[in-house]
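J.: What would the 3D arrangement of this be:
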Amino acid sequence: MSRYAYLAGGCFWCITPIFELWDGVVSVTSGYSGGSEKDPAYKDVKAQKTGHRETIRVEYEEGVEIDFATIMDIYLANVDPYDSEGQFIDKGFSYTLAVYYTDEEQKRIAAEKIAALERESGKKTFIALEPFTAFYEAEEYHQDWHLKNPEAFEKEMEESGRKAYFSKDR
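T.: Residues are numbered from 1 along each chain as shown. Next comes the predicted model:
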């Protein structure tokens, strides 16, 4: 049975590929969550006009090498949880971190993982933990952007400083 995780990790182009490396992940879709505007457009989200964050939807087969706790570990290892302004070179609300939980179990697991990270680091994290309400798929050219634009993706990862965070082994 497929399950879903909704994670705002800054630029959705940059956070998508790490999840695709894991067995049990069926798909990763770029989109928008958290705002009140229905079916927002990228230009408006990026301009901070909608209250949405760039978000990915991770569809996974729970128990097939992955579960929500593992998804949270991957997420936390591939973002900067201490940046309140956004992620790396992308600043503004639409690039801030959030976990949109779909049930109480996801909420509990996410809260425990975030609290453990704060205890271990001695630092406050800036990760919103909010109930899932809606997900709007981003425009088609955003889907699998790293595959469609490998050179631009590599440049973005290098120039943003995000490449150092991109790791399946964290």
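
J.: residue at max distance from the center of this protein?
T.: Gly122 (22.9 Å; Cα atoms, centre = their mean).

J.: and the gap between it and Tyr82?
T.: Here Gly122 is placed at a distance of 11 Å from Tyr82 (Cβ to Cβ, to the nearest Å). For every residue, glycine as well, the C-beta is placed using N, CA and C.

J.: Repeat that for Glu62.
T.: Counting by Cβ to Cβ, the gap from Glu62 to Tyr82 is 29 Å.

J.: Next: Met1.
T.: 35 Å.

J.: Among those two, which residue is more densely surrounded?
T.: Shown here are Met1 and Tyr82; by other Cβ atoms under 10 Å, Tyr82 has more neighbours (14 against 5).

J.: Show me where this protein dips below the pLDDT cut-off.
T.: Along the chain, segments meeting pLDDT under 70 span 165-170.

J.: if you count residues, which helix in it comes out on top?
T.: For the chain, the longest helix by residue count, based on DSSP state H, is helix 104-121.

J.: Can you give me every residue that contacts the residue farthest from the centre of the chain?
T.: Neighbour list for Gly122: empty [criterion: Cβ atoms under 8 Å, 6 or more residues apart in numbering].
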